[in-house]
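Student: fold the stuff below for me.
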Amino acid sequence: MEKKESVHVANEGHKLFSAFTDYSLGIFISIVLGVMWSKVYQTWAIVYRESQFDNNQPITWMEDSPPTWITATESPNSFLTGVIFFFVIVGIIFTFCLRKRFKVTTR
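Tutor: Numbering: from 1, shown residues only. Coordinates of the predicted model:
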């Protein structure tokens, strides 16, 4: 009886470690992708605005919702934080769906 309980406890610990590892890896990959995507977009936004091709200066846009390239150039840290947060949420959902699918197929 005790051996069966200890195997059950060890198996639960393995499942918890596996879940922690999967979600940690998903979050890490999401952060890396989010930083890469936001830096590429910020570089494009800076080049776009500095090229004087931007006929729509911030004055012509509504103050409540400026275009994303204005936010990316005028408030880069807020933009980076928002993009990383979005990518982390998507990464967690993606990891959850993958774990659920693998759990069903391995039974």
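
Student: which stretch of helix or strand covers the residue nearest the centre of the chain?
Tutor: Nearest residue to the geometric centre of the chain (CA atoms, centre = their mean): residue 87, 1.7 Å. Element membership for residue 87 (DSSP states H and E) is helix 76-105.

Student: quick one: residue 41 from residue 19, how far?
Tutor: Going from residue 41 to residue 19 by CB to CB, to the nearest Å gives 32 Å. Using the backbone N, CA and C atoms, a C-beta is placed for each residue, glycine as well.

Student: ok, now residue 72?
Tutor: From residue 72 to residue 19 the distance is 35 Å (CB to CB).

Student: and these two? Which one has more around it.
Tutor: Taking neighbours as other CB atoms under 10 Å, residue 72 and residue 19 compare with residue 72 leading, 24 against 13.

Student: flag the shaky bits of the protein, pLDDT-wise.
Tutor: Counting by pLDDT under 70, the chain shows low-confidence ranges at 1-13, 52-66, 104-107.

Student: at 50 instead, please
Tutor: Scanning the chain for pLDDT under 50 picks out 1.
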